[in-house]
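> next one to model:
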Amino acid sequence: MIDLFTSLLQILAKGRICVCQHPGRRARPIGVFTVTGRIGGGSSARTSPNGIYPAYRGANQVGLRASNERLALSLIRIHGQLSKAQIAEITGLTKQTASVIVRSLEAEGLLSAGRPVKGKVGQPSVPMSINPEGALFLGLRLGLRHADIALVDFVGGVLEQRRLSYGAGEMGEIARIAYTAIAEMRSRLTAAQHARLEDIGIAVASDILAAVANGKGTDGPESAWAEFEDLALQMGKETHLSIYLDRDAVAACSAELAYGLAGGAPDFLYIFIGHLLDGGIVQHGRLGFSRRDARPGIGRILVPSASGGVAPLGTSVSVDDVGLAPGSRAPDPELRKWIEATSSSISMAVHSASALATFRGIVLDGLMPQWVRAELVREIREKLSAIGASDLAALFVREGTSDRQAAGLGAACIPLLDRFFLQSDANGPAGSAEA
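Residues are numbered from 1 along each chain as shown. Sure, this is the predicted structure:
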């Protein structure tokens, strides 16, 4: 009875109606769009055995088993594979609790058991890993003139991907083309895959947001979100799946956190340069920014403007300023000026952010050629070192990996992280469950 009451409270906290469509599978929201990306609270952390990623502590409290299931999945995703004993050691849960949780996840098909490993004493340990076939997600990234859709498995493997073309900002045409592509992808799924298809993530690029806002005669891309919310709601009704809607920067950061180079860094500042500069902080392996989050993002920090005043970093930097094409290579003078000005603005914003939050480094990504991104990383690293603050000089500065990933992967990672891994406040405190 306590478990049922707690589950109802969790559903109400999320603001969704959940329907269990598959016997033995966890309940999921149907036909309702949601916005993700808020920092979870109430969890303590300590260094894990690899000394890189913080392992969340579990507390043996009745009624919140789902939190520890997320905790176990998150740790296994980070480490690659872990035994029940290792999960118990990292989290502080009892071995019995860890064993029950792992058995439950294995029974649901979310974990796979490896070959037993013999130790010096005791029974052989069985390493558990994420089952790629445990869940499937659809990711849809909407740009100004084309969209990218991808079918992604539970470990980020892209099973199918397509590029869809349409007129600039025509919502009716976008919806029609998207519905058709989704229906075609679903028609090729086996019965087992269809049962494992979970949700759809939609990532909206800043260029199409600006185009829709201009078409409506309103100021700023935020005014255009109602159009995409309507699209998400209609898509939920058409597909009978939960739709997760957010910015492309949130999607790119989700993919970076789950499958990119930042997977081993729990606390970092993520910066994405597109039509606008966007991004925010990741703390304890959780996204701390989203479309509707009241917390400040990196783009809201004021930096010197070209006119001599100050302006938000988000509107001060854009790849549109120099017409960066993905294949461009010429380091012309205008581009050099842009790299210098952009790296200076970002370095100042990082300095300001470091006064209020602790992070180990910066991941820089965006819609630009790899060599331009590499130049920006080098310039930012040098400028941070020149400031003279030891904490800034010690920060790592890395390129993101969005250009090496399927365009729709990030969108698919939005529901993947929110549904199964430690991610948002609505999930409850990390590691606070008794199996």
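> ok, the closest residue in space to residue 114 that isn't next to it in sequence - contacts?
Setting aside the residues directly before and after it, residue 114 is nearest to residue 127 in space (C-beta to C-beta, 6 or more residues apart in numbering), at 4.2 Å. For every residue, glycine as well, the C-beta is placed using N, CA and C. Residues near residue 127 by C-beta atoms under 8 Å, 6 or more residues apart in numbering: 81-83, 113-115, 117.
> for residue 127, give its distance to residue 68.
19 Å (C-beta to C-beta, to the nearest Å).
> phi, psi for the residue nearest to residue 114 please.
Main-chain torsions, residue 127, degrees, to the nearest 10: phi -70, psi 130.
> how about residue 308?
phi 100, psi -10.
> can you report how many residues lie near it?
Look at residue 308: counted by other C-beta atoms under 10 Å, it has 6 neighbours.
> quick one: the strands in the stretch 201-350 of the chain?
Secondary structure of the stretch 201-350 of the chain, counting by DSSP state E, counting those that start in this stretch: strands at 242-247, 268-273, 277-283, 286-287, 302-304, 310-312.
> counting contacts, what elements does the fourth one pack onto?
If I follow you right, that is strand 286-287. helix 248-259 (3 or more C-beta pairs under 8 Å, 6 or more residues apart in numbering; DSSP states H and E).
> which strands and helices lie in contact with the helix it packs on?
Counting by 3+ C-beta pairs under 8 Å, 6+ apart, helix 248-259 packs on strand 136-142, strand 197-204, strand 268-273, strand 277-283, strand 286-287, strand 361-366, helix 409-420.
> who does the third one pair up with?
So that's strand 268-273. Partner strands and pairing direction for strand 268-273 (DSSP bridges) are strand 277-283 (antiparallel), strand 361-366 (parallel).
> what do you get for the second one?
Within its sheet, and counting by DSSP bridges, strand 197-204 is paired with strand 136-142 (parallel), strand 242-247 (parallel).
> same question for the shortest one, mean pLDDT?
Average pLDDT, strand 242-247: 93.
> and that strand, how far from the chain's centre?
Computed by C-alpha atoms, centre = their mean, to the nearest Å, the chain-centroid distance of strand 242-247 equals 11 Å.
> follow-up on the earlier one: make CSV out of the strands paired with strand 197-204 and add mean neighbour count.
Below are the strands paired with strand 197-204 laid out as CSV (neighbours: other C-beta atoms under 10 Å):
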stretch, mean neighbour count
strand 136-142, 27
strand 242-247, 28
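> quick one: closest of these to residue 339.
Proximity to residue 339, assessed across the strands paired with strand 197-204 by C-beta to C-beta, is greatest for strand 242-247 (24.2 Å).
> relative to helix 409-420, how tilted is that closest one?
Our comparison of strand 242-247 with helix 409-420, counting by axes from the mean of the first three to the mean of the last three C-alpha atoms, to 10 degrees, yields an angle of 120 degrees.
> could I get the CA-only coordinates of strand 242-247 as CSV?
Only the C-alpha atoms of strand 242-247 are listed here, as CSV (Å, rounded to 0.1, in the frame of the first residue of the first chain):
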residue,chain,number,x,y,z
SER,A,242,5.1,10.3,-24.9
ILE,A,243,6.8,13.3,-26.7
TYR,A,244,9.7,15.1,-25.1
LEU,A,245,10.3,18.6,-26.5
ASP,A,246,13.3,20.8,-25.9
ARG,A,247,16.1,22.9,-27.5
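> how about residue 194, secondary structure?
Recorded secondary structure, residue 194: helix (DSSP: H, G, I helix; E, B strand; the rest coil).
> list the contacts of it.
So residue 194 contacts residue 186 (C-beta under 8 Å, 6+ apart).
> from residue 265, how far off is the closest residue to residue 143 other than its chain neighbours?
Nearest residue to residue 143 in three dimensions, chain neighbours excluded: residue 205, at 4.6 Å (C-beta to C-beta, 6+ apart). Residue 205 is 25 Å from residue 265, where distance means C-beta to C-beta.
> returning to that earlier point: so for residue 322, which of the strands paired with strand 268-273 sits nearest?
Nearest of these (C-beta to C-beta): strand 361-366, 12.2 Å.
> ok, and for that closest one, which residues are buried?
362-366 (16 or more other C-beta atoms under 10 Å).
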